[in-house]
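A.B. asks: Here is my input, please return the structure:
(one chain, ligands or ions: 1)
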Amino acid sequence: MRLSKSKYIRGLQCHKSLWLYSHRKDLIPEAPPALQLIFDQGHRVGELAWKRFPGGSLIKDDHDHIPEAVESTKAAVSAGKDILFEAAMMHDGVLVRPDVLVRVKGRRSWDLIEVKGATEVKDVYLEDVGIQKYVLEGAGFPIRKACLMLVNNEYVRQGDVDPQEFFVLSDVTREAAPLQAEIPGRVRAMFAMLACKEVPAMDIGPHCHDPYDCDFIHHCWEHVPDYSVFDLCRARYEKIRPLLDQSILRIKDIPAGFPLTNTQELQVMVEKSRKPHIDGEGIAEALKEPAHPLYYLDFETINPAIPPYDGLKPFQQTPFQASLHVQEKPGGPLKHHEHLGDAKTDPRPGLVRFLLDNIGPSGSILAYNAGFEGGRLKEMAEAFPKHAKRLISLRERLWDLAGPFRNRLYMHPEFKGRWSIKAVLPAMVPGMGYEGMAIAEGTEASIAYLNLMEGKLSKAEAQKTIAALKAYCGQDTLGMAKLWEALRKIAAI
Ligand code: SF4
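C.D. replies: Model (predicted):
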């Protein structure tokens, strides 16, 4: 039996997860497209990192050919290769394949470099580097420095992406050192656990999502109802632990007197009574602020690790689409405008023109969770100084339609403690939601546009995707207009 680095990290998160992964892989559901996107992005970042080490040798043998990969690595080292990509080393039953190994000039030792498509050091990355250092040194490769190569969040693309500027190296040798002493015991414990016929007992808890979402959540959490004590607003695990200890999972079963915040009290009351909580005066006060004409605005964005266009930073939210419903006077008809990038060029200049052409000089701009749209307007103002003044004035006219829900002026049992438009719209406007739509949430829209950008779709698929994107973004702003009307009715204004 062999442990790979990723299995070891899985075992650190939860022994049960490692056991299930090794014995019951059939329980893993099909990966959602978003996960594939993260995987693809990680792959691209890894390939870009290699460009920072010209002359490096890639050990090509894949995970189905591990003995060959180990032999190829030995041969490359014997042949005097100084830079290795994806070398394969085994020690103590653990296999690692470091992203980059660089021989220290004139010495026997090596520098280990682990590439991450992230901008900050995390504890799990130290564990990642720690197990690699342990295996490499055990296999006869002394490590001088252990480093993380992270994405530089200050990098701004101009022309071809420059791997020297795109990455920053973080030396974590000192941080990874104390982990070394614990590794042999952990590895032994994992092998012993894997040799058992029975799955190890393990309660569900915060470890199911930390540091990664576990593949077996649907299996271990099967008994947890759709709306449970885990959905109590801002409740830490320690807080709900006494409830779990009494096998209380449903919100409505929380006993009176259990310590809760005001919002949580409200949540429990709404669920127990199955009646909405309505602060009519608060809603009426809030709704006084926006002035007609009302512009309901929504952006869709992509945020790839490697910026696709000049002037963008890694992971920068880049709007590619906007939907706008306009209502000139209270109760008046809605007029719809929309804009979608061509997936070939930077979508922002066209989007700026669209906004400036279709949003008049007065009236409020309503967005759901408006801080997001405001952030994008600010960034576009910085990117296109010629239009900065007008874009900033649009930002100043934003009004957040999520506010009444976030501030719990209205809470419906069907919101299930949430205030996202996906949770709020179907409950507030019966018959209107996102169910059955080809694109039904923001991540799917991002993936769809990235697929268009990469030319991965046939002409027919591309047309379908464009229609689905337009329908989705349009549903957001139409839904916002309906929510506004619903709130007006509730506040009787
Ligand atoms: S869902 Fe939680 S308890 Fe179950 S295997 Fe995963 S981490 Fe362990």
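A.B. asks: Next, count neighbours for the residue nearest to residue 209 when sequence neighbours are not counted.
C.D. replies: Nearest non-adjacent residue to residue 209, counting by C-beta to C-beta, 6 or more residues apart in numbering: residue 217, 7.9 Å away. (Glycine included, C-beta is placed from N, CA and C.) The number of residues packed near residue 217 is 15, by other C-beta atoms under 10 Å.
A.B. asks: Repeat that for residue 322.
C.D. replies: That count, for residue 322 with other C-beta under 10 Å as the rule, works out to 25.
A.B. asks: tell me the secondary structure for it?
C.D. replies: Secondary structure assignment for residue 322 (DSSP: H, G, I helix; E, B strand; the rest coil): strand.
A.B. asks: circling back to that earlier point, may I ask you to confirm that the residue nearest to residue 209 is in contact with residue 224?
C.D. replies: No. If you go by C-beta atoms under 8 Å, residue 217 and residue 224 don't touch, sitting 9.4 Å apart.
A.B. asks: Now the element after the worst-scoring helix or strand of the chain on mean pLDDT, going C-ward?
C.D. replies: For the chain, counting by mean pLDDT, DSSP states H and E, helix 33-50 ranks last in confidence among helices and strands (a mean of 83). Using DSSP states H and E, the helix or strand that directly follows helix 33-50 along the chain is strand 57-58.
A.B. asks: Any idea how far apart the tips of stretch 92-107 sit?
C.D. replies: Using C-alpha to C-alpha, to the nearest Å, one end of stretch 92-107 lies 25 Å from the other.
A.B. asks: What residues of that stretch count as buried?
C.D. replies: Within stretch 92-107, the residues that count as buried by 16 or more other C-beta atoms under 10 Å are 94-103.
A.B. asks: repeat for stretch 273-282
C.D. replies: For stretch 273-282, by 16+ other C-beta under 10 Å, it's residue 279.
A.B. asks: repeat for stretch 166-181
C.D. replies: 166-167, 170, 172, 175-176, 179.
A.B. asks: And the closest residue to the ligand within the stretch 251-400 of the chain, its phi and psi?
C.D. replies: Nearest to the ligand, among the residues of the stretch 251-400 of the chain, is residue 251, at 21.1 Å (C-beta to the nearest ligand atom). Dihedral pair for residue 251: phi -60, psi -40, per degrees, to the nearest 10.
A.B. asks: How about residue 354?
C.D. replies: According to degrees, to the nearest 10, residue 354 has phi -60, psi -50.
A.B. asks: Offset the numbering so it begins at 49, please.
C.D. replies: OK, 49 is where the count begins now, so the last one is residue 402.
A.B. asks: which residues touch it?
C.D. replies: 370, 372, 385, 387 (C-beta atoms under 8 Å, 6 or more residues apart in numbering).
A.B. asks: For those, could you give me TSV that also reports distance to residue 99 and pLDDT?
C.D. replies: Below are the contacts of residue 402 laid out as TSV (distance: C-beta to C-beta, whole Å; pLDDT from 0 to 100):
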residue	distance to residue 99	pLDDT
370	35	98
372	41	98
385	42	98
387	35	98
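A.B. asks: Run through the stretch 49-198 of the chain and note the low-pLDDT ranges.
C.D. replies: 81-83 (pLDDT under 70).
A.B. asks: would you list every one of the helices in it?
C.D. replies: 53-61, 63-71, 81-98, 114-126, 171-186 (DSSP state H, counting those that start in this stretch).
A.B. asks: Of those helices, which is nearest residue 339?
C.D. replies: Closest to residue 339 of the helices of the stretch 49-198 of the chain is helix 81-98 (C-beta to C-beta; 38.6 Å).
A.B. asks: any idea how far the ligand is from residue 91?
C.D. replies: Distance of residue 91 to the ligand, computed by C-beta to the nearest ligand atom, to the nearest Å: 25 Å.
A.B. asks: Which pLDDT does the model give the residue nearest to residue 257?
C.D. replies: With respect to pLDDT, residue 265 scores 96.
A.B. asks: Now it: phi and psi?
C.D. replies: Dihedral angles (degrees, to the nearest 10) for residue 265: phi -60, psi -50.
A.B. asks: Near the ligand, which residues of the stretch 199-348 of the chain? Just list them.
C.D. replies: 250, 252, 255-256, 262, 264-265, 268 (C-beta under 6 Å from any ligand atom).
A.B. asks: mind running it again at 5 Å?
C.D. replies: Contact residues, the stretch 199-348 of the chain versus the ligand (C-beta under 5 Å from any ligand atom): 250, 252, 256, 262, 264-265, 268.
A.B. asks: tally of neighbours for the closest residue to residue 316 other than its chain neighbours?
C.D. replies: Using C-beta to C-beta, 6+ apart and skipping residues adjacent in sequence, the residue nearest residue 316 is residue 302, 5.4 Å away. Neighbour count for residue 302, taken as other C-beta under 10 Å: 21.
A.B. asks: got the contact list for residue 302?
C.D. replies: 277, 291, 296, 308, 316.
A.B. asks: likewise residue 330?
C.D. replies: 452, 455, 457.
A.B. asks: Ramachandran angles for the second one?
C.D. replies: Backbone torsions of residue 455, given as degrees, to the nearest 10, read phi -90, psi 10.
A.B. asks: Can you say which helix or strand has the closest residue to residue 483 other than its chain neighbours in it?
C.D. replies: Excluding the flanking residues, the one nearest residue 483 by C-beta to C-beta, 6+ apart is residue 474, at 7.6 Å. Using DSSP H and E, residue 474 maps to helix 469-476.
A.B. asks: now residue 439
C.D. replies: Short version, using DSSP H and E: residue 439 is in helix 436-444.
A.B. asks: How far off centre is that helix?
C.D. replies: The chain centre lies 29 Å from the centre of helix 436-444; the measure is C-alpha atoms, centre = their mean, to the nearest Å.
A.B. asks: count of neighbours near the residue nearest to residue 106 when sequence neighbours are not counted?
C.D. replies: Nearest residue to residue 106, sequence neighbours excluded (C-beta to C-beta, 6+ apart): residue 133, at 4.4 Å. Residues contacting residue 133 under the criterion other C-beta under 10 Å number 22.
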